[in-house]
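Chemist: sequence first, predicted model second:
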Amino acid sequence: MTLHVESANTDVAARFLASSPSVAMLVVEDVCWQAAIEDWKQRRPPWWRRGARAAWRAEGAQLATEADRLRDLAGQVCQGL
């Protein structure tokens, strides 16, 4: 069985979840990131609220940066397995 790490678009064998704290941390952070993405999508303001829309886009950029960080972390974790 494998676990899909959405932010890094990679799969990790589930057996590593219990044996590697790094994999467990990566999976938990990825689930939190996925929840944040879903919450962010649901709060999309209408186009005429320009200030709210700009803040929403800035939050999306932060989430994209977090995905980049998780992608790098996944690469490091997977190399160590």
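Modeler: Arrived safely, thanks for sending.
Chemist: surely residue 7 and residue 35 touch.
Modeler: No - counting by C-beta atoms under 8 Å, residue 7 does not reach residue 35; the two are 11.4 Å apart. For glycine as for every other residue, the C-beta is placed from the backbone atoms N, C-alpha and C.
Chemist: compare the two (neighbour count), which wins?
Modeler: Between residue 7 and residue 35, counting by other C-beta atoms under 10 Å, residue 7 is the more crowded of the two (23 against 10).
Chemist: roughly how far apart are the spatially closest residue to that one that is not a sequence neighbour and residue 53?
Modeler: Closest residue to residue 7 apart from its sequence neighbours, by C-beta to C-beta, 6 or more residues apart in numbering: residue 70 at 4.0 Å. Residue 70 sits 26 Å away from residue 53 when distances are taken as C-beta to C-beta, to the nearest Å.
Chemist: please apply the same query to residue 21.
Modeler: As judged by C-beta to C-beta, residue 21 and residue 53 stand 40 Å apart.
Chemist: ok, now residue 76?
Modeler: 35 Å.
Chemist: circling back: neighbour-wise, which of residue 70 and residue 53 wins?
Modeler: residue 70 (20 against 14).
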